[in-house]
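> Structural data only, the sequence is not supplied:
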């Protein structure tokens, strides 16, 4: 269901972009963009403003509804993660109880020590 809503959301966003790009600015004639040069003959005598305005409003409403629905779904998925967190803490506590400080080797035993007399001095030229 979430994938379907996401696809609808994406298609709605793309259609809003397309509708906004097709709309003409104030004072521009709708027919002029299609090469006819006649005043508002492409969308009838009323022009295209009613169509574009209504289509943009519908797409914007669908976009807001899908945005809200996706946000609610994400919140519900986050609640599922809260239920898993206490189980992970319990597992961590068991692991810490099993491992004691005596099980960890000392760090200084791993590094061999070299007496200072055996370290050659550098002459500065090579």
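Received the coordinates, thanks. What you are looking at is a predicted structure, and each value in this text was computed from that prediction instead of being measured.
> how about low-confidence regions in the chain?
Scanning the chain for pLDDT under 70 picks out the ranges 25-49, 79-86, 98-114, 116-119, 122-126.
> Counting neighbours, what do you get for the closest residue to residue 62 other than its chain neighbours?
Nearest residue to residue 62, sequence neighbours excluded (Cβ to Cβ, 6 or more residues apart in numbering): residue 12, at 4.9 Å. Any C-beta I mention is one placed from the backbone N, CA and C, and that applies to glycine too. Here the count is done by other Cβ atoms under 10 Å, and residue 12 has 20 residues near it.
> and if you look at residue 53?
Close neighbours of residue 53, defined as other Cβ under 10 Å, add up to 12.
> which SS class is it?
Three-state assignment for residue 53 (DSSP: H, G, I helix; E, B strand; the rest coil): helix.
> Contact partners for it?
By Cβ atoms under 8 Å, 6 or more residues apart in numbering, no residues touch residue 53.
> Just want to check the distance between it and residue 8.
Residue 53 sits 22 Å away from residue 8, going by Cβ to Cβ, to the nearest Å.
> ok, which stretches of the chain are helices?
2-22, 49-98 (DSSP state H).
> Save those helices as CSV, and put in distance to residue 115 too.
Below are the helices of the chain laid out as CSV (distance: least, Cβ to Cβ, whole Å):
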stretch, distance to residue 115
helix 2-22, 68
helix 49-98, 40
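> Out of those, which is the most enclosed?
Of the helices of the chain, the one with the most neighbours on average (mean count of other Cβ atoms under 10 Å) is helix 2-22, at a mean of 13.
> just checking, what packs against that one?
Helix 2-22 sits against helix 49-98, with contacts defined as 3 or more Cβ pairs under 8 Å, 6 or more residues apart in numbering; DSSP states H and E.
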